[in-house]
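Asks: Sequence and predicted structure below; questions after.
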Amino acid sequence: MPSVLITGCSSGFGLAAAKLFLDRGWRVIATMRKPSPDILPASGNLVLLPLDVTDPASIASTMEKAGEIDVLVNNAGIGAAVPIELTEPETARHLFETNTLGTLNMLQAVLPGFRERRSGVIVNVTSTVTLKPLPLVGVYRASKAAVNALTESLAVEMEPFGVRVHIVLPGRSPETQFGENAVPHMRGLDNPDYKPLIENLIASFREESGPVTHAGDVAEAIWEAATDENAPLRIPAGADAVQWMAEAA
């Protein structure tokens, strides 16, 4: 039975991916900072583990309990929407420590085993905001663009060892907690220059009209990356993501 370890399974894309892989008969190691036993349906194929991707001790403990895995899905991440001018150093560090260095930490935890076995799949979930400049997400975008660059180089490094590497790029999703997570970091509502931009962004978090990305779209894209040997390096997830990628090509 193939096995997948997915980070950030408490909600959104990670939770949807965990459910999909379970439904299709995989052994799933679903990880999150604070696991809830009721978050996923009971299954003999499910292993629910705590994981903080910024903490080496947490990673080591989780990997020891997880056992051998065939696919790593780096989905854990945080968002922040704030003008670059007003971004506090702690916010910037938090974004890069979780989104970028957290991904690197997990890669370094599994790659030795994948390389030695000459098999394995890496799926890094980033964002279509990396495809074009957008206001208020500059530092978040930079943290995800860094993962794109890291993944592209990793794909070249791993090819001789039979390890496949992919990027899944979701679009805007009203089903995730990006908006809720981003609000505490917002700065500038008291600034007449930035206030209109920020108010428009807050409204867009709640907007569900037009093409959007659903959690199921991302789960299916992750499945494609994990199971299709001919999957491309970059896989858009969601109708808007497909549109953005086409425009960026």
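Replies: That came through, no problem. Computed from a predicted structure; not experimentally measured.
Asks: how about Leu72, secondary structure?
Replies: Following DSSP: H, G, I helix; E, B strand; the rest coil, Leu72 is assigned to strand.
Asks: What separation is there between it and Ile59?
Replies: Using C-beta to C-beta, to the nearest Å, one obtains 11 Å as the distance from Leu72 to Ile59. (C-beta placed from N, C-alpha, C; glycine too.)
Asks: More neighbours: these two, which one.
Replies: Taking neighbours as other C-beta atoms under 10 Å, Leu72 and Ile59 compare with Leu72 leading, 26 against 21.
Asks: How about that one: which residues does it bridge to?
Replies: Counting by DSSP bridges, Leu72 is bridged to Leu5, Ile122.
Asks: in this structure, which helix or strand is least confident?
Replies: When each helix and strand of the chain is scored by mean pLDDT, DSSP states H and E, helix 178-182 comes last, with a mean of 58.
Asks: list the helices and strands the helix or strand following that one packs on?
Replies: Downstream of helix 178-182, the first helix or strand assigned by DSSP states H and E is helix 195-206. Other elements packing on helix 195-206 under the criterion 3 or more C-beta pairs under 8 Å, 6 or more residues apart in numbering; DSSP states H and E are helix 178-182.
Asks: who touches stretch 201-221?
Replies: Applying C-beta atoms under 8 Å, 6 or more residues apart in numbering, the external contacts of stretch 201-221 come out as 12-13, 15-17, 19-20, 81, 125, 135-136, 168, 170-176, 178-179, 182-183, 186, 235-241, 243.
Asks: And that stretch, end to end?
Replies: 26 Å (C-alpha to C-alpha, to the nearest Å).
Asks: Identify the contacts common to Leu72 and Ile59.
Replies: Common neighbours of Leu72 and Ile59, using C-beta under 8 Å, 6+ apart, are Met106.
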